[in-house]
Structure formats: structure tokens, C-alpha cells
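**Q** here's my sequence, what's the structure:
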Amino acid sequence: MAPFIIGDLAKAKQVHAGESQWDMLAIADKTDWYKNNDVAFISTRGKGNARLVQDLIPEGASVCAWPQNDKQGQEWLDDVSTIVPKLGVARVPHSITKRNEFGELVEIKLKDANEWTKAGASAADLYQAFWRNELFQPVPAESARQSVPTAQLQGEEVDFADVEPWPEAVNGAEVLNEVAETFSRYCALPEGAKDILTLWCGYTHCFEAFQCSPRLRVTSPEKGCGKTTVRDVIRLFVSHPLMTENFTVAVLFRLIQQHKPTVLADEVDTHVCEKNEELRCLLNSGHRRGGKVYRCEGEGNEVRGYNVFAPVVLCGLGKLPETLLDRSIVIQLDRAVEGELQAEFNSHRVEKEKDLCRKVARFIADNKARLKACNPVLPEGIYNRLADNWRPLFAVAEIADGEWPARAKAAFRSLTTTGDPDTQSLGVTLLRDIREVFDGDEMLSRELIDKLSALEESPWGEFGNLASRSRPGN
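**A** Reported below is the predicted structural model:
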């Protein structure tokens, strides 16, 4: 079988390679890159034919591979990498979010570049994927990793100490009251937030008792609103805290598999919001119990599944992708006014808070069976994903008893403002996007709509002739 070629391969300085000719045709058709005499496309027409490109790539040409999002695609990429030195890799997103015929946001899984273009990928989208292409580095076999003596490994061993529960039984409601007051003392929070933060911290000590793990999104319209302080205080009360400002997918899924940490991520606008599709998919999968990522391991490339179900805090300024925002409970911070903060947080003086965390752990440990069996009463009118997100927190409140069930409902009303999660998410997203595109002191409404519709990863272009409906006469 001969390879499929578009363009003058012998003269090309830039070569795009794919397993399927349909992927190469889709990219070439959408971009017109082949009209440049320096660019060519080549397909091996199947994963087992990688060696067809051998001796065909011009010396000195840069090569960018477009692997498909499946096991065969990875195997094809591994084979091509043995033939082509310094192989670049452009990644097709594993999924995108669009609105269906009913106006609902749905996630569309993507296997390859052909499916991506059919789903609406533009030439600019393809160029961005190409522009972000990475130098391919084959993952060493698991046996090769383990063969390195421990004494020769760099860095430090990752260790998560278990929280030792308080030696005596505690009153859950009273313990939660103290945690909530700690948040009020160090952080400037919107109404209800201290109670939700408290319940979420308690939930991390028993997250495996629930079907879903709501992401806790801590955000603000500008810097200096206390997101990092909120994260620092959360750290004091959760199980196995993992503080990070930068992580890769490979590191994160292995840490979750081995240690079941509570991930406390800061600056997510730089490593989640900026189109890190693989990381976004991991965080989406980890929202539900049983969520996994899959990798080829060992000399035989055996497919292994890694558990990614874990509690996650996402702190940052940027907007989250809709699919991730939909899986989150959102705490929106503003700058503290003068005199609002009761005390300055000092991470070196937290002995009282450490004892309080042990009391939280004891309360949860004594009630794990009840929490697992609990089917809490939720506010009227919340269903589906919204109910999934809030059910663990209402369960902790119900088992704590006292004022906590009522406090949970009041906090829910304060932080959501509406029972419709899409309305809340779209409202917040719209305000942020207007802030991003607004240039100067004034702007025509039609110009604003056009700029909003042009934003990537936003829903405004899918609202159906929005601009024309807003103009006079419509």
C-alpha cells in the first residue's frame, strides 16, 4: 500500500503526518496550507503502516504528527517516532462543548481531526493546535522507571500524612461552627460562603462515600481579592492536601491514583483555562466516582486505567470551560473593605486549626456509614448536575444536624441566586467576557455582540443569529 500524499513532499520544509487520509484531507481542506509549496501532508493509511513514511520525508523538514485519540493512535505515534527524529505532535481535543437543537450544552467526543472539523473546528483552531505542538518524547516502560535505584532519583518522595482523628467523640455541629468562624476570621467572603467552604472541607474526609466530587471554584474579577488566602485556610481542614500552582496530567493522575489527595490548585487560568484539553478532560472525568484516564504502560503497551476521582479546588481569575464550570460550586470573591478582616492569616501559627481538623476527621470517621447512606433533602427544584454537586455538602450538613441543614440551604440560595445552573454560569460568563472584549469608554451593541460571538470557548456564537435579532427592525 502506498502512502497518501498531498502537496510536493520532496520539496516540503514542513510535513504534516497522520494515520488516516481523511484527517489529512480535512486539515488540508480547512486550512489551504498545501497551497504553500513548502507544506505537504502524508498519511500512512492505517496504524500498522508507519514505516511507509521511511525515506520519504525530506532531510531537514520539520514533521508534525496528528495522532488519533485512541489506543491505535498512540501506537501509530510510537511507531512514527522511531522513524522520524524530533517529531512534533499536534493534539486534537478529546471533546468540545456545543449547544444541541434544544439549546442545551452538550459535550461532543472527538476521535480525530476529521471529526473535529465536522464539529466546527476552524482554520484558526487547527493552527492553534499546530502552534502548540510539542516535541514527542516516548513514555518509558514501567519496568524501566522502576529499574532506577531510589538513591539516584531526583526530588523528594511525595508523602501525604493521614489526619489523626481527635481521640474523643465530638459534636459535629459545634466543630463545623468553629471551622466556619475560622474562615470568617481570615477571609472576606460573600454571604453563605463560609458555611459552604466548611461543609466542603468536611466532605473531603469521606469523598469516596459519594457518587460525585464537586469542584470548588474560587474566583474573583481581579487580583488581590484573597483567593490564595482562602486556599491556605482550606488546606488546614481537608484530607491529604496537595498544594500546586502548576502540574501536568501525567503527574496528577498518578498522584490521585496512589494517594487520593485533595487537589488545591492555584493560578488555574494559566494551566486549565488556556485550552489544556487533556487536563480539562481529567478534571471532568474525576467529577464522578469511577472516572479514569487510560495510558499504555510496559513493554507490551498494556492499557492501564488510573482512577482520577478526587476533591479539587480551582483558584484563579480566568473563566473555566463550560463543562468544568458545570461541575463546580462557585465562590466569587471581592476585595475586602477596610476593617472587614478580623485577623491576618499566619501559616506558622495554626496549632488551633490543626486540632480543629482532627476534630473534623473524628466527626466524619464516626459517621461514615450514615453519610454513605444519607439521601439529604435538597432545596426544591434542583436536579441533575446541580443536585450532584450539592448533595455531598447537604449530606454533611444533615448528619451534623443543629442549624446546619438550614444554613446549607441559605448558603445555596445566596451563592446560586437561581436554581438554574446554566443561567448562573452564563450570567457570570457574560459579565467576564464583556469585560474582556470591551475597549474604550463606549461601544455599539452590534460591535459588542460581534466581539462576544468571536470569542473562542464561549457559547455566544451558538445562540442562533443573536446579532441580527438585536438590531433595529428585528
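
**Q** what's the pLDDT at the residue nearest the centre of the chain?
**A** With distances taken as C-alpha atoms, centre = their mean, Arg280 lies nearest the centre of the chain, 3.2 Å away. Looking at Arg280, its pLDDT reads 86.

**Q** make 49 the first number, not 1, from now on.
**A** With 49 as the first residue, the last one maps to Arg328.

**Q** helix/strand/coil for it?
**A** helix (DSSP: H, G, I helix; E, B strand; the rest coil).

**Q** show me where the chain dips below the pLDDT cut-off.
**A** 149-153, 180-203, 318-323, 347, 465-477, 504-507, 509-522 (pLDDT under 70).

**Q** could you check how far Tyr342 is from Ala417?
**A** Distance, Tyr342 to Ala417, by C-beta to C-beta, to the nearest Å: 33 Å. For the C-beta atoms, the positions are set from N, CA and C on the backbone; glycine is no exception.

**Q** those two: who's more crowded?
**A** Tyr342 (13 against 9; other C-beta atoms under 10 Å).

**Q** the more buried one pairs with what?
**A** Beta-bridge pairing of Tyr342 under DSSP bridges involves Gly353.

**Q** ok, now which ones touch it?
**A** Neighbour list for Tyr342: Lys119, Val351, Arg352, Gly353, Tyr354 [criterion: C-beta atoms under 8 Å, 6 or more residues apart in numbering].

**Q** for the nearest residue to the third one once chain neighbours are set aside, what are phi and psi?
**A** Beyond its immediate neighbours in the sequence, the residue positioned closest to Arg352 (C-beta to C-beta, 6 or more residues apart in numbering) is Glu345, lying 4.7 Å away. Geometry field for Glu345 lists phi and psi as phi -130, psi 150, criterion degrees, to the nearest 10.

**Q** Glu345 touches Gly353, doesn't it?
**A** No. The pair Glu345 / Gly353 is not scored as a contact, 10.3 Å apart, by C-beta atoms under 8 Å.

**Q** so those two - more neighbours on which side?
**A** Between Glu345 and Gly353, Glu345 has the larger neighbour count (other C-beta under 10 Å), namely 17 against 13.

**Q** okay, now Arg439: neighbour count?
**A** Per other C-beta under 10 Å, the neighbour tally for Arg439 reads 19.

**Q** for Phe285, see how far away it is.
**A** According to C-beta to C-beta, Arg439 and Phe285 sit 20 Å apart.

**Q** can you give me the helices for the stretch 199-348 of the chain?
**A** 220-234, 241-252, 275-285, 297-307, 316-319, 325-333 (DSSP state H, counting those that start in this stretch).

**Q** closest to Thr79 out of these?
**A** helix 325-333 (19.3 Å; C-beta to C-beta).

**Q** orientation of that closest one relative to helix 297-307 in degrees?
**A** If you take axes from the mean of the first three to the mean of the last three C-alpha atoms, to 10 degrees, helix 325-333 sits at 30 degrees to helix 297-307.

**Q** who's in contact with helix 325-333?
**A** Against helix 325-333 from outside (C-beta under 8 Å, 6+ apart): 139, 141-143, 155, 263, 297, 300-301, 319-320, 339-341, 356, 360, 362, 369, 371-372, 375.

**Q** repeat that for stretch 373-384.
**A** Taking C-beta under 8 Å, 6+ apart as the rule, stretch 373-384 contacts 153, 236-238, 241, 244-245, 248, 262-270, 272-275, 278, 331-332, 335, 362, 367-368, 433, 437-438, 441, 463, 469-470, 472-473, 476-477.

**Q** buried subset of those residues, written for ChimeraX?
**A** In ChimeraX syntax, the buried subset of those is picked out as below (16 or more other C-beta atoms under 10 Å):
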select :153,236,237,241,244,245,248,262,263,264,265,266,267,268,273,274,275,278,331,332,335,362,367,368,433,437,438,441,463,469,470,472,473,476,477
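
**Q** buried set for stretch 289-300?
**A** Neighbour count says stretch 289-300 has Pro289, Leu290, Thr292, Val297, Leu300 buried, by 16+ other C-beta under 10 Å.

**Q** pick out the most distant pair among those residues.
**A** Greatest spatial distance in these: Pro289 and Val297, 20.0 Å, computed using C-beta to C-beta.

**Q** can you map out the helices along the stretch 49-198 of the chain?
**A** Counting by DSSP H, counting those that start in this stretch, the helices of the stretch 49-198 of the chain are 69-79, 119-129, 161-166, 171-179, 190-194.

**Q** let's see the second one as PDB, backbone CA atoms only.
**A** Output in PDB follows, covering the C-alpha atoms of helix 119-129 (Å, rounded to 0.1, in the frame of the first residue of the first chain):
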ATOM      1  CA  LYS A 119      -5.000   3.300  21.700                       C
ATOM      2  CA  GLN A 120      -4.300   2.700  18.000                       C
ATOM      3  CA  GLY A 121      -3.400   6.400  17.600                       C
ATOM      4  CA  GLN A 122      -0.800   6.200  20.400                       C
ATOM      5  CA  GLU A 123       0.600   3.000  18.900                       C
ATOM      6  CA  TRP A 124       0.900   4.700  15.500                       C
ATOM      7  CA  LEU A 125       2.600   7.700  17.100                       C
ATOM      8  CA  ASP A 126       5.100   5.400  18.900                       C
ATOM      9  CA  ASP A 127       5.900   3.700  15.600                       C
ATOM     10  CA  VAL A 128       6.400   7.000  13.700                       C
ATOM     11  CA  SER A 129       8.600   8.400  16.400                       C
END
